[in-house]
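**Q** below are the sequence and a predicted model for it; my questions follow.
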Amino acid sequence: METIQIKLAALWTCLMLAYLLGDVLRIFSGDFKPGEIMGQKLSQGMWLGVAIVMLVPILMIFLSLILNQPAHRWVHILVAAFFFLFNAVGLPTYPSLYDKFLIVVGLGFNLITIWYAWSWT
């Protein structure tokens, strides 16, 4: 196993933990209302979509350790770019400073992931 694979797995782990920390802080700060996201009730299909999106970083940790380059390299770049754009667009919608901070940190993890995957030869 190459060192870059371990670094990429660590980056996906950091990203996942930043997302989970944001969820935990939302609960403890009182910015959380059960069954809703940003004041809207979600259907079961929408919750399934949230679960799938949140599962992707976990899946990327596993794939980082079992797949080899070159196809895997592009999966990292595309998935990290998706999360970067997804969160960059959503950043202004988060009212709390801790959420904005954690999202910016997550954007940094996305950029580092793209950089490592891009320079993986």
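**A** Received the coordinates, thanks.
**Q** okay, now the unreliable bits of the protein?
**A** The model of the chain has pLDDT under 70 over residues 1.
**Q** grab the longest helix from it for me.
**A** Using DSSP state H to define each element, the chain has its longest helix at helix 3-29.
**Q** who does that helix touch, helix- and strand-wise?
**A** For helix 3-29, the helices and strands in contact under the criterion 3 or more CB pairs under 8 Å, 6 or more residues apart in numbering; DSSP states H and E are helix 44-66, helix 97-118. C-beta: built from backbone N, CA, C; applies to glycine.
**Q** dump those into JSON lines; add distance to residue 82 and mean neighbour count as well.
**A** Compiled in JSON lines, these are given as follows (distance: least, CB to CB, whole Å; neighbours: other CB atoms under 10 Å):
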{"stretch": "helix 44-66", "distance to residue 82": "8", "mean neighbour count": "13"}
{"stretch": "helix 97-118", "distance to residue 82": "9", "mean neighbour count": "17"}
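**Q** to residue 80, which of the ones you listed lies closest?
**A** Of all these, it is helix 97-118 that lies closest to residue 80, at 4.1 Å by CB to CB.
**Q** quick one: contacts of that closest one?
**A** The set of residues external to helix 97-118 that reach it, using CB atoms under 8 Å, 6 or more residues apart in numbering, is 4, 7-8, 11-12, 14-15, 18-19, 21-22, 25-26, 29, 31, 73-74, 76-77, 80-81, 83-84, 87-88, 90-91, 94.
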